[in-house]
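*Asks:* got a predicted model here, sequence first, then my questions.
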Amino acid sequence: MQGGWQYNSSEFNRATQAQRQPGSAFKPFVYLAALDHGFTPATLVLDAPFVLEHIPGQFWRPTNYSGEYYGPTPIRVGVEKSKKSDDRTSG
């Protein structure tokens, strides 16, 4: 569970000590919440650029890792292809 190449060189446990964003581990909870609220695997959601001003002058622009958008997409595709996002915040 240490996650490195040589434990003797670095005893840092990357699995439990690294501070990282949850990434794909969080996705099942989002999809489960959608299913609990009446969405189905075939429900279409819009995969398109989105901008939210969360603080005056501060904008959150999540993007797909590939930089591409696919328009109306069934939510199951997000699970099947593990759609990833790259959070970008700028002023």
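*Replies:* Structure's in. What do you need?
*Asks:* for the rest of this, base every contact and every neighbour count on C-alpha atoms.
*Replies:* OK.
*Asks:* for this protein, what spans make up the helices?
*Replies:* Counting by DSSP state H, residue ranges of the helices within the chain are 27-36, 75-80.
*Asks:* looking at these, which has the lowest confidence?
*Replies:* Within the helices of the chain, the stretch with the lowest mean pLDDT is helix 75-80, showing a mean of 85.
*Asks:* can you report how many residues lie near residue 16?
*Replies:* Other residues near residue 16 come to 10 when the count uses other Cα atoms under 10 Å.
*Asks:* ok, residue 75 next?
*Replies:* As a measure of burial, residue 75 has 20 neighbours, counting by other Cα under 10 Å.
*Asks:* ok, now residue 15?
*Replies:* Going by other Cα under 10 Å, the residues that sit close to residue 15 add up to 12.
*Asks:* do the same with the one 3 residues further on
*Replies:* Counted with other Cα under 10 Å, the burial measure for residue 18 works out to 9 neighbours.
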